[in-house]
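**Student:** Turn this into a structure:
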Amino acid sequence: MSDDLQSLIEDMRQCRLCEAEMERAPNPIFQLSDSARILVAGQAPGNLADTTGTPFNDPSGDRLRDWMGVSREEFYDRSKLAILPMGLCFPGYDAKGGDIPPMKRCADVWRQQVLDLLPRIEVVLLVGGYAQRWHLGRRVEKTLTATVANWKSYTSDRMFTLPHPSWRNTAWLKRNPWFEADVLPDLRRAIRSALSGS
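**Tutor:** Now for the predicted structure:
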């Protein structure tokens, strides 16, 4: 790993910028290596990720790995797969028990610095609306459904637009069967190609 990336990782792990606004102590959770070929651009760590220190270490992660067609071992191989959420720490819960949005400061401070040090990325998974808005900018559609439905327009930039794999989106998946039928086969092929280095 480059000295620049290693130094940045150490700085990120010590980040306390949002401490005064958080329910829990800051606990930045991510997975990075400059040899990674796949980038999972997520939202923010959930409760189980926060308590275990492992990103996507929950049922959402199981569903995401199924979508990708990868094993846990492949998913957590940092030499091949980077995980960089929009917010590095678990943001806490809202009044209804859902996760509150990622802390905005994370992306402003860290995101572009990290991306500039990941030269081998071949496939980017934009998981959820926050990642899609940041990475796509003006190209994002008015709704997440429209952005995901327009997925083919982003694959030329090696990006796949995905809904969040949370159980809360199970109804969305049932209403939009085209996602599993049309998007996932192409996603799995792209992932497999990136993992094999071909």
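
**Student:** what about the helices in this protein?
**Tutor:** Counting by DSSP state H, the segments of the chain that form helices are 3-13, 47-52, 59-68, 72-75, 104-106, 112-115, 129-136, 144-149, 170-175, 178, 184-196.

**Student:** in the worst-scoring helix or strand of the chain on mean pLDDT, what counts as buried?
**Tutor:** In the chain, the helix or strand scored least confidently by mean pLDDT, DSSP states H and E is helix 104-106, which has a mean of 91. Along helix 104-106, the positions that meet the burial threshold by neighbour count (16 or more other C-beta atoms under 10 Å) are residue 106. The way it works is simple: take the backbone N, C-alpha and C, and place the C-beta from them, glycine included.

**Student:** In this protein, where is pLDDT below threshold?
**Tutor:** Filtered on pLDDT under 70, the chain yields the residue ranges 198.

**Student:** again, only this time at 80
**Tutor:** Flagging of the chain using pLDDT under 80 yields the residue ranges 97-98, 197-198.

**Student:** hang on, the earlier thing: of the helices of the chain, flag the one that's most buried.
**Tutor:** Using mean count of other C-beta atoms under 10 Å, the stretch among the helices of the chain with the largest mean neighbour count is helix 129-136, at a mean of 21.

**Student:** could the helices of the chain go into JSON lines alongside distance to residue 163?
**Tutor:** Below are the helices of the chain laid out as JSON lines (distance: least, C-beta to C-beta, whole Å):
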{"stretch": "helix 3-13", "distance to residue 163": "27"}
{"stretch": "helix 47-52", "distance to residue 163": "18"}
{"stretch": "helix 59-68", "distance to residue 163": "10"}
{"stretch": "helix 72-75", "distance to residue 163": "18"}
{"stretch": "helix 104-106", "distance to residue 163": "21"}
{"stretch": "helix 112-115", "distance to residue 163": "22"}
{"stretch": "helix 129-136", "distance to residue 163": "9"}
{"stretch": "helix 144-149", "distance to residue 163": "6"}
{"stretch": "helix 170-175", "distance to residue 163": "6"}
{"stretch": "helix 178", "distance to residue 163": "12"}
{"stretch": "helix 184-196", "distance to residue 163": "12"}
